[in-house]
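Peer 1: structure for the following, please:
(chains A, B and C, ligands or ions: 3)
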Amino acid sequence: MASPVSVSDVLIIGGGLMGTSAALFLRQRGRSVTLLESDLVGRQASGTNFGNVRRQGRPIHQLPLANRAIAIWRRANELLGADVEYLQSGHIRVCYRERPENIAKMEEYAAEARHVGLDLELLTGNALRARFPFFGPDVLAGSYSALDGHANPRLTAPAFARAAQRAGAQVFENTRIIHAAKQGTDFVVTAEDGRTFRAPVLLITAGAWGNKLSQQFGEPVPLTPRGPNMSVTEPVPYAIAPAVGVMTPVEEETVYFRQVARGNIILGGSTRGPSYPDQYRAYVLPQNTMKQLRQIRRLAPALANLNIIRVWTGIEGYLPDSLPVMGRSATTSGLFYAFGFSGSGFQIGPGVGETMAELIDTGTTPIDLSHYDIARFRRSA
Amino acid sequence: MTQGRFVRLAEQDRPSLTLYVDGQPVTAMEGDTLMVAMLAAGRVLRTSEFGDGKRAGFCLMAACQDCWVWTEDGGRLRACSTPASAGLRLSTSQPGASWPTAN
Amino acid sequence: MADRELTPRIVVVGAGPAGVRAAQTLLEAGIRPVVIDEAARAGGQIYRRQPTNFRRSHEALYGTEAARAQAVHDGFDAIAATVDYRPDTLVWNIADGQVWTASERGYATLAYDALILCTGATDRLMPVKGWHYAGAYSLGAAQVALKAQACAIGARVVFMGSGPLLYLVASQYVKAGAKVAAVLDTSPLSNRLRAAVDLIAQPGILADGVALTRALAKAGVPVLTGVTPLEITGNAENGVNGVRVRLANGTERDFAADAVALGYHLRPETQLADLARCDFAFDAKTRQWLPKRDQDGRASVAGVYLAGDGARILGARSAEVSGRLAALAALADLGHKVDPLTLVHLRRQVASYARFARGLATAFPWPHEQAANLPDEAIVCRCEAVTAGDLRRVVNETGAKEANRAKAFSRVGMGRCQGRYCGHAGAEVIAACANIPVEQVGRLRGQAPVKPLPVAIAPEGEE
Ligand SMILES: Cc1cc2nc3c(=O)[nH]c(=O)nc-3n(C[C@H](O)[C@H](O)[C@H](O)COP(=O)(O)OP(=O)(O)OC[C@H]3O[C@@H](n4cnc5c(N)ncnc54)[C@H](O)[C@@H]3O)c2cc1C
Ligand SMILES: Cc1cc2nc3c(=O)[nH]c(=O)nc-3n(C[C@H](O)[C@H](O)[C@H](O)COP(=O)(O)OP(=O)(O)OC[C@H]3O[C@@H](n4cnc5c(N)ncnc54)[C@H](O)[C@@H]3O)c2cc1C
Ligand code: FES
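Peer 2: Numbers count the residues shown, from 1 in each chain, chains lettered A, B, ... in the order given. Ligands and ions are numbered 1, 2, ... in the order given. From the prediction side, this is the model:
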């Protein structure tokens, strides 16, 4: 067998936000790191997502991780030496009149979130409309988080990768890993073109492709690839500070939007489309764009005057309980996972990288990862 | 400069019509596009969002999207492919009233 | 007509010369196609019609091409009521065997058995410092202003760029009584001599071209070749006040003007082919990516056909022929009998136009080397106001060398024109900066909608 291209302390497969941020934080802890990416870093879910840096709405047990991430977002430009367009401009989550029971849910959530460091302000009626005059008549109430916001996903993971590289990480793009196994004390992973890489620790951060690798270690998970729909309007004067989203159990109603400082409004959500991870392709179904626009008009009728100039989607891996796989392997020592973020990995991404680096480096982390254990799928998969 | 950017060379015996640009009456002719109506009487259509100055369209064939103007009630029209009509009230910048103000 | 004839359903997008001839050919075979065109009146670009209340004659509008224009217009008028004609209707997406349309009435879908894309062309642009000023227009724009609205784009117009249209439109301006300050061609005259071997394939068109140059000279318009554009001068508030160029002899010269018509021949409108997931290939002669197709217009995707300038820039006469060929290809694939001799005859004509087009590409080459010399402060992407310097910084600092990657980081091509006007030049700037061949930069992937779509859009028939 040919000698490995690199030997390091840690191998990371997958150069999305999770992999690139883990690489940076591992380097900061003095570990040598090799990051392997089948395409270009940050081009998949991490580069195509909506860009919500939102804590509210996440399970309460995830808020400590989200808080850890917020702290990194706040110093991201300085940490990365690049502007990732992070705006801490607030996030508001609203519910519709036809689901008044959601007000109680919002109140309950706010009460619990307060104990974990997330302050939410509940707004209804005139108070809501006075502050956010763009909401439609169907909007009943809103839960406002002043310290959430949004950032530019196209720039973020690549900036983490460059920072990791500057800190000494080796980054191999266009390197698709097709085989991974443990040989003795080391993991040896093999790329499509036959190159091999070796390390005693392996972190799999392969997004919607994570299951292809985890099953090589006897740990398949029921990961479903889907493509959320995005659209963007022409630029208009900057007037909407917070990112806005709808709280609803109905997939079609789950739309969200944010205005970037340059003026364009990014619209996302409603029915998700299919995606094809094997071909690295995802397509926006036009019917889904039409549903999305209808829902956006309901949420914010003033946006009906604008035009969408482009639509896109990306490939994201969803797990049945909408929670990621994050933590140690249940079968193989030295193996770690962080994938399957089920449509909500952008905000927590840097926190995930820091937590995985900490776990790998020290063997422990104060972040509670019990909900994300891969062993939870042992029976179902 | 008050004179128009575009120069009419023929077809000048069409019936005229009046529309309003930023509140000022503009005399145009039936069959004009909004763009011709606005640029036969004025110099620009809009201001670039990104600080590089005034714009007056570019392709005239509905491809570049540089010529969008507003109606006074906040609607958007592509000036090079929309026929001018009498009484239309246009704005070269986004009318504030149509847009939610920052909180 | 009986329903039977609506099946199989063949959708033709575009009612220019290619689309009109395709539709006629289908009707002749007993099939009633759907013809969708974004414009209010059929005719396409070259034979674009003026509004109904304008009075100029075909001769005044189309000059030497008046008879052809008349034939295409009459040809379509004769079938307009028979085909399922949908003017003022944009095809904004294609998915799963359906076209998605948008019009004043809302959006709708239409399933097809065969789809013939005759989407035509738009100007090919190389940026120059100052091309974002008000008063700088595409060359095509200058012609549209005149043809469709009887206007000149300014009181004193400079024509700058290259290609046959540069001379055509300038002389149309002169003839219509507009003031033309100069015709500034970036191609050296010597190229035309080298191109003669191919240009001779269409002696008639060649002679028309030579006549144009003579007419300009006779009118006293300075016509300069081998020119290097340096700057469109003026300011952000008042727009263009002239151009500065370097002449073939190395001296710099200013021309005063209040408008510039800028263009370097044409580029096909390939967005729909892209959305239909057709394969593309790099064309080294013209340095651009074009949808693959066979000699009759079959794209790589079954049931999709490409004709006219939307597939290859071969000009209006060729568009009529390739429109027929694509329709015959669709008919043959749907099991109709097609006369093989007709095919041979039509293919031979297209081959001759293709040879002529090759000659034009030699005579009036895309001046890709200008991209390397663009000053950093020159805007490359007009929509997003991204400069050459911004783009180069992204290439140097992030290592982005692929078109879509550089777009993601720099916003070049991310604006409302969808990269139509900056895509080719942006790729050249990246290639020059990274010192790689332009084909390695790749091409901007097409994204729906083909043109902006109102957020307010609802299904046809609703409300
Ligand atoms: C359209 C869209 C909108 C979204 N909106 C939001 C939002 O607003 N807020 C939010 O919090 N989250 C959002 N998400 C989810 C969020 O983007 C993801 O959860 C997050 O980016 C996941 O990061 P990742 O690093 O795990 O995955 P990815 O970014 O997909 O990275 C995984 C990487 O692994 C690589 N890879 C896979 N297999 C291999 C292999 N065998 N060898 C080498 N490399 C491999 C891939 O090429 C890829 O680059 C959205 C997702 C999408 C697609
Ligand atoms: C401004 C201009 C001037 C030209 N002048 C000349 C000339 O003088 N001589 C010459 O030989 N060539 C000229 N050309 C080249 C010219 O394009 C072709 O020669 C000829 O018009 C090609 O015919 P076509 O049928 O392929 O396309 P076109 O005539 O361009 O027709 C395309 C049609 O498709 C429609 N269309 C495109 N996309 C969509 C969509 N998504 N949905 C619905 N409809 C759509 C358009 O509205 C248009 O009517 C010119 C081109 C331009 C742009
Ligand atoms: S001027 Fe280009 S779209 Fe109107």
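
Peer 1: can you count the residues close to residue A:248?
Peer 2: By other CB atoms under 10 Å in any protein chain shown, the residues close to residue A:248 number 17. For the C-beta atoms, the positions are set from N, CA and C on the backbone; glycine is no exception.

Peer 1: no wait, residue A:179
Peer 2: For residue A:179, using other CB under 10 Å, the count is 12.

Peer 1: need the nearest residue in space to it, chain neighbours excluded.
Peer 2: Nearest residue to residue A:179, sequence neighbours excluded (CB to CB, 6 or more residues apart in numbering or on different chains): residue A:190, at 4.3 Å.

Peer 1: correct me, but the one you found touches residue A:178?
Peer 2: Yes. Counting by CB atoms under 8 Å, residue A:190 touches residue A:178, with 6.2 Å between them.

Peer 1: pull up the pairing partners for the helix or strand containing the residue nearest to residue A:179, direction included.
Peer 2: Using DSSP states H and E, residue A:190 sits within strand A:186-191. Within its sheet, strand A:186-191 is paired with strand A:177-183 (antiparallel), strand A:196-199 (antiparallel), according to DSSP bridges.

Peer 1: pipe those into CSV and attach mean pLDDT per row.
Peer 2: Below are the strands paired with strand A:186-191 laid out as CSV (pLDDT from 0 to 100):
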stretch, mean pLDDT
strand A:177-183, 97
strand A:196-199, 97
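
Peer 1: point out the most buried one among the ones you listed.
Peer 2: Sort the strands paired with strand A:186-191 by mean neighbour count, taking mean count of other CB atoms under 10 Å in any protein chain shown, and strand A:196-199 sits at the top with a mean of 21.

Peer 1: that one near ligand 1 at all?
Peer 2: No. Applying CB under 6 Å from any ligand atom, one finds strand A:196-199 out of contact with ligand 1, separated by at least 10.5 Å.

Peer 1: how close does residue C:249 get to residue C:257?
Peer 2: 21 Å (CB to CB, to the nearest Å).

Peer 1: list the helices and strands the helix or strand containing residue C:73 packs on?
Peer 2: Using DSSP H and E, residue C:73 sits within helix C:66-79. The helices and strands touching helix C:66-79, judged by 3 or more CB pairs under 8 Å, 6 or more residues apart in numbering or on different chains; DSSP states H and E, are helix C:17-28, helix C:58-62, helix C:316-333.

Peer 1: deepest-packed of those helices, please.
Peer 2: Ranked by mean neighbour count under mean count of other CB under 10 Å, the helices and strands packed on helix C:66-79 are led by helix C:17-28, which reaches a mean of 28.

Peer 1: just checking that one against ligand 2, any contact.
Peer 2: Yes. Helix C:17-28 lies within reach of ligand 2 by CB under 6 Å from any ligand atom, at C:17, C:18, C:19.

Peer 1: ok, then the element right after that helix?
Peer 2: Moving toward the C-terminus from helix C:17-28, the next helix or strand (DSSP H and E) is strand C:34-36.

Peer 1: turn the strands paired with strand A:186-191 into JSON lines, including distance to ligand 3.
Peer 2: Below are the strands paired with strand A:186-191 laid out as JSON lines (distance: least, CB to the nearest ligand atom, whole Å):
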{"stretch": "strand A:177-183", "distance to ligand 3": "46"}
{"stretch": "strand A:196-199", "distance to ligand 3": "51"}
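
Peer 1: right, and those strands - which one's nearest residue A:261?
Peer 2: strand A:177-183 (37.8 Å; CB to CB).

Peer 1: residue A:366: neighbouring residues, count only.
Peer 2: Counted by other CB under 10 Å, the residues lying close to residue A:366 total 8.

Peer 1: and the residue lying closest to it once chain neighbours are set aside, helix, strand or coil?
Peer 2: The shortest distance from residue A:366 to any non-neighbouring residue, by CB to CB, 6+ apart, is to residue A:64 (7.7 Å). Under the three-state scheme (DSSP: H, G, I helix; E, B strand; the rest coil), residue A:64 adopts helix.

Peer 1: so who does residue A:64 touch?
Peer 2: Residue A:64 makes contact with A:116, A:117, A:366, A:367, A:368, according to CB atoms under 8 Å, 6 or more residues apart in numbering or on different chains.

Peer 1: neighbours of the first one, how many?
Peer 2: Using other CB under 10 Å as the criterion, residue A:116 is surrounded by 14 other residues.

Peer 1: isn't it right up against residue A:67?
Peer 2: Yes. Between residue A:116 and residue A:67 there is a contact under CB under 8 Å: 7.3 Å.

Peer 1: ok, now which ones touch residue A:11?
Peer 2: A:33, A:34, A:36, A:187, A:189, A:197, A:198, A:199, A:201, A:202, A:203.

Peer 1: so what sits opposite it in the bridge?
Peer 2: With DSSP bridges as the rule, residue A:11 is bridged to residue A:34, residue A:202.

Peer 1: try residue B:78
Peer 2: residue B:68.

Peer 1: that one touches residue B:66, doesn't it?
Peer 2: No. Assessed by CB under 8 Å, residue B:78 is found out of contact with residue B:66, at 9.4 Å.

Peer 1: which one's more surrounded, these two?
Peer 2: Neighbours per residue (other CB under 10 Å) separate residue B:78 from residue B:66, with residue B:66 holding more: 27 against 20.

Peer 1: not counting sequence-adjacent ones, nearest residue to the more buried one?
Peer 2: Leaving out its chain neighbours, the residue that sits closest to residue B:66 by CB to CB, 6+ apart is residue B:58, at 4.5 Å.

Peer 1: same check, this time on residue C:86
Peer 2: residue C:36 (4.7 Å).

Peer 1: now the terminal residues of stretch A:24-40, how far apart.
Peer 2: The first and last residues of stretch A:24-40 sit 17 Å apart, counting by CA to CA, to the nearest Å.

Peer 1: what about the residue of the stretch 251-400 of chain C found nearest chain A, distance to ligand 3?
Peer 2: For the stretch 251-400 of chain C, the residue closest to chain A is residue C:398, as judged by CB to the nearest CB, at 6.4 Å. Distance of residue C:398 to ligand 3, computed by CB to the nearest ligand atom, to the nearest Å: 31 Å.

Peer 1: repeat for residue A:333
Peer 2: With CB to the nearest ligand atom as the criterion, residue A:333 and ligand 3 are 62 Å apart.

Peer 1: what values do phi and psi take at that residue?
Peer 2: For residue A:333, the backbone dihedrals (degrees, to the nearest 10) come out as phi -70, psi 150.

Peer 1: the one 3 residues further on now?
Peer 2: Residue A:336 has phi and psi values of phi -130, psi 150 when expressed as degrees, to the nearest 10.
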